[in-house]
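Asker: Show me how the following folds:
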Amino acid sequence: MSEIKGDQIGRALVEFSLSGTFPEEDISSRRIGLQDLAPALQSLAAAKTRLESDIHEINEETAPDVNQWIANAKSLEDDVNRTRSWANDIVRRSQAPDVSGKTIQEAEEKVEFLRREAEYNQQVRHALKCIKHVNELLDQVEQARDERRILDSLHLLEKSWTALDAIPVSKSCRVMKLLDMRAFELKSAVHDVFDRVWDSLVRIDTKNGRVAVFQSREDEQMRLVDAVVGLKAYKEVDQRMASFWHSLDEAIVGPRTDIETRELPKIQSERSHIIRSGSADRTITSMFSDLDQVMTYLSERLPEELVYSLCSTMMPDLIPRIIGTWLDIAVPASLAEMDEFQKVTEAARAFCNRLGSIRFSGFEELQEWVDDAPKVWLSKCRETALDSVRTKLAQGLGEPKEVERVETQTISRSEGKGLASNGVAPLGNDDDWSAWDDGVQDTQDVDTKLETNEDDGTDAWGWGEDDTAGEQPEASAEPPPAEPQTEEDPTEAWGWGEEDTAEPTSGEPVAKAAPSQNKQTRELTLKETYNISSMPEPVLALVSAVLNDAALLVASEGNPVATAAAGLFSLPTLILAMFRAVSPYYYTLNMGGNMFLYNDATYLSERLSDLARDWKAREDLTSRAIAMLRLDNDVKALQSFANRAYASEMSTQKTVLRDLLGGSQNLLQQDGPGASDLEAQVDSATGHVRALAAAWSAILSKSAWSQAVGSLVDAIAAKLMADVMDLSGIGQDEAYNIANLIVRITELDNLFLSPDAPKDAVPATAEYASSWLRLKYLSEVLQSNLQDVRYLWMESELSLYFTVEEVVELIGLSFVDNARTREVVREIEANPRPR
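Answerer: Modelled structure (predicted):
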């Protein structure tokens with residue numbers, strides 16, 4: 001009850017204090033004791049706390065407005081104070097009218113002037129003190145210079161430059177110019193003294209070959225170590241070391257490393273000098289020993305910073321000289337001098353190790369040369385081999401050499417009969433060809449026709465088309481394959497002619513028939529000769545030597561260049577590639593050069609094939625050496641190269657013949673030329689063929705010669721026949737002239753007759769020129785009447801060489817269209833194959 005009473009009293013007091021509300025009668029009339037005051041005070045305290053909290057919240061919410069009010073109040077106060085000051089000033093001035101505004105302004109200006117003057121005097125005083133300080137420093141520099149205290153001079157110069165930059169005066173001021181000029185002159189003077197001191201510490205007598213480097217001198221205060229500071233100050237470290245190296249090179253190193261000098265000097269150490277004196281041998285070991293003395297002397301005498309700078313200038317000059325003039329020429333081109341080369345590499349490696357131990361740098365190129373000694377040796381072998389091929393080619397083709405090609409083939413019974421009919425008999429065998437002959441006479445002629453090719457002649461041998469052994473002969477021994485004719489002959493695949501059936505060059509075939517278990521086949525060995533230049537033998541010898549060296553490397557793993565064995569096995573490919581790349585230029589400088597190139601490439605491919613075969617059979621080689629030989633692709637490349645050389649020559653000569661016969665124009669329809677001019681053109685073409693035949697006869701084998709010349713003859717015949725068939729009509733005079741031209745062309749038959757042939761011998765031209773008999777029958781047709789043409793078709797062999805359409809076209813060109821002509825044409829068309 002007492003607590004309730006205290007709360008009521010407290011609320012009454014709070015409401016009265018906040019809102020002025022008087023308490024109710026029952027409360028205001030009560031008696032209040034001491035025990036009621038404590039609850040009342042608590043109520044007042046709680047009300048106070050709530051009131052303070054509300055005020056705080058209100059302050060937080062109205063703070064910006066209050067701050068703005070405060071700022072405005074301060075501004076107003078400032079304005080009031082300013083106004084009061086103005087009022088006081090007005091009052092004061094009114095009380096002292098003798099002091100005007102102008103007098104006050106003058107006084108203020110005077111005060112400002114005096115202030116600025118004082119500041120200026122202070123600046124002048126400071127500048128003069130700085131100038132005095134710089135001048136005193138320069139005096140000290142001059143004194144140190146005179147006393148040859150170079151380092152002190154440099155330090156004082158540096159201080160003077162710093163102080164000079166700190167002077168608060170324009171650089172264009174005369175005193176600044178004078179100070180700057182004096183500082184520059186002192187710098188130059190100190191540099192001159194420094195040069196004299198340096199020259200006394202580092203002495204090089206290029207004339208007498210003497211070099212001396214001193215750490216210090218009794219008459220000089222500067223030591224060599226201190227000179228580094230001076231060089232850095234003048235930024236001349238690299239420049240000074242470059243000059244030092246050039247003088248050192250001229251005095252000692254250059255004469256010692258000049259291998260072209262008649263007498264090489266020796267480098268010796270003499271107390272504090274190294275000198276050039278005496279005579280040294282020309283070995284690389286001696287050269288490295290002398291250079292070691294020089295490098296050791298420099299490392300002991302020069303500070304490390306100077307050594308580092310010297311290396312950056314010296315090594316790029318010295319190391320390439322050592323490698324280029326000493327080491328490269330010491331690299332052998334074969335294994336014969338490998339022991340000496342090993343000594344060279346060991347000496348170079350020891351020199352590199354020595355340079356590293358005495359803190360020299362920049363000799364990485366020499367270190368790489370030593371580490372890559374196998375590659376260096378292989379590069380030298382490659383360079384020497386390729387250069388020898390180029391040199392040999394540049395010397396010309398040399399004297400021709402006769403070589404022999406031998407081929408063994410298995411022939412069938414029908415081919416054996418053909419050989420028997422041509423008089424070829426087996427050697428050393430009782431069972432001769434007559435057993436296969438079946439009554440055929442030994443002297444019976446065989447009418448053979450070889451396959452020809454419009455572009456490249458034909459196969460010089462023609463082997464491989466009927467190979468019963470299942471192995472195709474090497475293509476390098478023959479020109480590119482030919483286009484087959486409509487008729488086939490068993491002897492076509494051999495390239496035999498009527499007079500030269502087996503060995504074209506000698507006229508007498510050498511045939512050896514061996515008995516076989518199968519009585520239907522025999523082996524036949526054929527030989528023929530042809531000429532090569534002096535090039536193939538050196539190339540073969542070079543390839544053989546390289547391969548033998550490679551085999552030795554494979555077998556000797558301890559050899560220092562054993563790792564180059566694989567690269568050495570690939571060198572023959574580069575040698576042959578160089579031959580193929582360069583040879584066409586040098587061969588074409590000679591008459592018949594392409595044919596020599598064809599023979600040489602063919603010969604190389606054959607000998608390389610033999611080398612590869614013999615290599616695999618050698619017992620002195622390791623299995624690894626045998627497996628590493630790879631010549632198959634090179635042999636194929638040479639075969640293809642030989643064929644291209646042959647085809648190129650044939651294409652060129654056929655183009656020449658076509659140009660001599662009117663080119664793209666019809667020979668018989670040219671404007672202007674008469675019969676005599678046409679004969680001259682034909683004679684020029686035949687003369688060109690005869691000249692080529694004479695030149696090639698001393699180069700090609702008989703079979704290849706026959707194919708090549710036959711292809712040229714065929715080109716002439718084909719050109720004339722094509723021109724005849726392109727005519728719109730052939731009169732009697734034109735037919736006579738054409739027949740006369742054909743007669744001149746057919747005189748080339750004597751090329752295919754041997755000098756000792758009987759008068760009734762039949763030329764073998766038709767075997768090598770597919771259009772030859774067509775040309776002859778064309779001449780017969782042009783000189784015949786209708787009845788003779790009918791006879792040639794029906795009774796003779798015209799139908800074997802001309803089609804019905806071609807003969808009908810020729811009749812239309814040569815004869816008037818009448819009943820008789822049409823009758824003959826119908827009869828011919830009715831009998832397309834009379835034979």
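Asker: Every contact and neighbour count from this point should use C-alpha atoms.
Answerer: Noted.
Asker: what are the phi and psi values for Ser570?
Answerer: Phi and psi for Ser570, reported as degrees, to the nearest 10, are phi -90, psi -10.
Asker: which residue packs closest to it, ignoring adjacent ones?
Answerer: Spatial nearest neighbour of Ser570, excluding adjacent residues (C-alpha to C-alpha, 6 or more residues apart in numbering): Arg630 at 7.8 Å.
Asker: What distance do you get for Gly593 to Leu700?
Answerer: The spacing between Gly593 and Leu700, counted by C-alpha to C-alpha, to the nearest Å, is 11 Å.
Asker: Please read off the pLDDT at the residue nearest to Ser570 from the model.
Answerer: Predicted confidence (pLDDT) for Arg630: 88.
Asker: Pull the number of nearby residues for it.
Answerer: By other C-alpha atoms under 10 Å, the residues close to Arg630 number 14.
Asker: Three-state assignment for it, please.
Answerer: Assigned state for Arg630: coil (three-state reduction, DSSP: H, G, I helix; E, B strand; the rest coil).
Asker: do Arg276 as well
Answerer: Quick answer, by three-state DSSP: Arg276 is strand.
Asker: On the strand side of things, show who it bridges to.
Answerer: Ile267 (DSSP bridges).
Asker: my read: it touches Lys266, true?
Answerer: Yes. Using C-alpha atoms under 8 Å, Arg276 is in contact with Lys266, at 5.8 Å.
Asker: which other helices and strands contact the helix or strand where Glu823 lies?
Answerer: According to DSSP states H and E, Glu823 maps onto helix 819-830. Applying 3 or more C-alpha pairs under 8 Å, 6 or more residues apart in numbering; DSSP states H and E, one finds that helix 819-830 makes contact with helix 786-794, helix 804-814.
Asker: Nearest to Arg658, out of these?
Answerer: Smallest distance to Arg658 across the helices and strands packed on helix 819-830 (C-alpha to C-alpha): 22.8 Å, for helix 804-814.
Asker: got the buried residues for that closest one?
Answerer: Going by neighbour count (16 or more other C-alpha atoms under 10 Å), the buried part of helix 804-814 is Val804, Val807, Val808, Leu810, Ile811, Gly812, Leu813, Ser814.
Asker: how about the residues you listed, which pair is most distant?
Answerer: The most widely separated members of those, counting by C-alpha to C-alpha, are Val804 and Ser814 (15.4 Å).
Asker: ok, now how distant is Tyr777 from Pro374?
Answerer: From Tyr777 to Pro374 the distance is 71 Å (C-alpha to C-alpha).
Asker: residues near the closest residue to Arg223 other than its chain neighbours, how many?
Answerer: What sits nearest to Arg223 in space, not counting adjacent residues and going by C-alpha to C-alpha, 6+ apart, is Ser216, at 4.6 Å. Using other C-alpha under 10 Å, Ser216 is surrounded by 17 other residues.
Asker: for Ser216, what are its contacts?
Answerer: Applying C-alpha atoms under 8 Å, 6 or more residues apart in numbering to Ser216 gives the contacts Leu201, Met222, Arg223, Leu224.
Asker: on contacts alone, who are the packing partners of the helix or strand harbouring Ser243?
Answerer: Following DSSP H and E, one finds Ser243 within helix 237-248. Applying 3+ C-alpha pairs under 8 Å, 6+ apart, one finds that helix 237-248 makes contact with helix 224-233, helix 304-322.
Asker: Save the contacts of Ser216 as JSON lines, and put in distance to Leu44, neighbour count and pLDDT too.
Answerer: Shown next, in JSON lines, are the contacts of Ser216 (distance: C-alpha to C-alpha, whole Å; neighbours: other C-alpha atoms under 10 Å; pLDDT from 0 to 100):
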{"residue": "Leu201", "distance to Leu44": "104", "neighbour count": "20", "pLDDT": "83"}
{"residue": "Met222", "distance to Leu44": "97", "neighbour count": "22", "pLDDT": "73"}
{"residue": "Arg223", "distance to Leu44": "97", "neighbour count": "17", "pLDDT": "77"}
{"residue": "Leu224", "distance to Leu44": "98", "neighbour count": "20", "pLDDT": "79"}
